[in-house]
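**Student:** model this:
(chains A and B)
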Amino acid sequence: QQKVQQSPESLTVSEGAMASLNCTFSDGTSNNFRWYRQHSAKGLEVLVSIFSDGEKEEGRFTAHLNRANLHVSLHIREPQPSDSAVYLCAVSMNYGNEKITFGAGTKLTIKP
Amino acid sequence: DMKVTQMPRYLIKRMGENVLLECGQDMSHETMYWYRQDPGLGLQLIYISYDVDSNSEGDIPKGYRVSRKKREHFSLILDSAKTNQTSVYFCASSWDRGQDTQYFGPGTRLLVL
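**Tutor:** Numbers count the residues shown, from 1 in each chain, chains lettered A, B, ... in the order given. Alright, predicted model coming up:
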């Protein structure tokens, strides 16, 4: 069964500094990776999806995938206080949305 | 503006009472989902619906049932709620069951006393 672990559990970063979040997964055949942002008392907002090794950029959000190392990361450039939220990593395989495994999340706080 | 709505947003029930959580989407998405989110755990899939009256169990269906009579509405029912069903419940929708992006509602926070 797929295991998805996120680190760190919480992270505080100063406004404008790069924020980096990590996600490791257990099944190397996974091929669909998404990062979501969850503001308190709100639903999940997809930030970036990546399907092959390398880098994918969506605005200030960049995902890096290395399937050999079972690792996907999210980097947030020039974070702002409004980026303070919980960030969730979601991993699935060719089965699609029926077999998504979510990580427990990283709580990110951006200090002004 | 694509939107998934959930009602109610907050709910307190006593153990043994029935609970109805409602979800709506305005995108004509075929596939809809119910998840629960507990502290320290990721979202867990309860049920998935591929279209009207076409529902399938997810990873943790025990204690829940669902109803989808219109494409835009998907309900989660707890018959005789239990205290361990206290959680935040999220509904989501997507164009199909494939790898298409899921759109999530704001969640319903349920407390079962």
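**Student:** how distant is the one helix or strand residue B:48 maps to from the center of its chain?
**Tutor:** Using DSSP states H and E, residue B:48 sits within strand B:44-51. Relative to the chain's own centre, strand B:44-51 is displaced by 8 Å; criterion: Cα atoms, centre = their mean, to the nearest Å.
**Student:** could you say what helices and strands that strand packs with?
**Tutor:** When contacts are defined as 3 or more Cβ pairs under 8 Å, 6 or more residues apart in numbering or on different chains; DSSP states H and E, strand B:44-51 packs onto strand B:31-37, strand B:54-57, strand B:65-70, strand B:73-78. Every C-beta, even on glycine, is put in place using the N, C-alpha and C of the backbone.
**Student:** looking at it, residue B:53 is touching residue B:69, isn't it?
**Tutor:** Yes - contact criterion Cβ atoms under 8 Å: residue B:53 and residue B:69 qualify, at 7.1 Å.
**Student:** Against residue A:30, how distant is the residue in chain B positioned nearest to chain A?
**Tutor:** Residue nearest to chain A within chain B: residue B:42 (3.1 Å; Cβ to the nearest Cβ). Computed as Cβ to Cβ, to the nearest Å, the residue B:42 to residue A:30 distance reads 14 Å.
**Student:** give me the number of residues near the residue in chain A that chain B sits nearest to?
**Tutor:** Residue nearest to chain B within chain A (Cβ to the nearest Cβ): residue A:102, separated by 3.1 Å. Residue A:102: 22 surrounding residues under other Cβ atoms under 10 Å in any protein chain shown.
**Student:** For the closest residue in space to it that isn't next to it in sequence, which residues are in contact?
**Tutor:** Distances taken as Cβ to Cβ, 6 or more residues apart in numbering or on different chains put residue B:42 closest to residue A:102, at 3.1 Å, once the chain neighbours are dropped. When contacts are counted by Cβ atoms under 8 Å, 6 or more residues apart in numbering or on different chains, residue B:42 touches A:4, A:88, A:90, A:101, A:102, A:103, A:104, A:105.
**Student:** In terms of pLDDT, where does residue B:42 sit?
**Tutor:** Listed pLDDT for residue B:42 reads 85.
**Student:** In CSV, list the C-alpha atoms belonging to stretch B:4-17.
**Tutor:** Only the C-alpha atoms of stretch B:4-17 are listed here, as CSV (Å, rounded to 0.1, in the frame of the first residue of the first chain):
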residue,chain,number,x,y,z
VAL,B,4,-18.0,22.9,-5.3
THR,B,5,-20.3,23.8,-2.3
GLN,B,6,-21.0,21.9,0.9
MET,B,7,-23.7,22.2,3.4
PRO,B,8,-23.7,22.5,6.3
ARG,B,9,-20.3,23.9,7.1
TYR,B,10,-20.5,23.0,10.8
LEU,B,11,-22.6,20.4,12.5
ILE,B,12,-22.9,19.0,16.0
LYS,B,13,-24.8,15.7,16.5
ARG,B,14,-25.3,13.3,19.3
MET,B,15,-24.2,9.7,18.9
GLY,B,16,-26.9,7.6,17.3
GLU,B,17,-28.4,10.5,15.3
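**Student:** picking up where we left off before, the residue of chain A closest to chain B and residue A:89 touch, don't they?
**Tutor:** Yes - the criterion here is Cβ under 8 Å, and residue A:102 meets it with residue A:89 at 7.2 Å.
**Student:** This completes my enquiry, with thanks.
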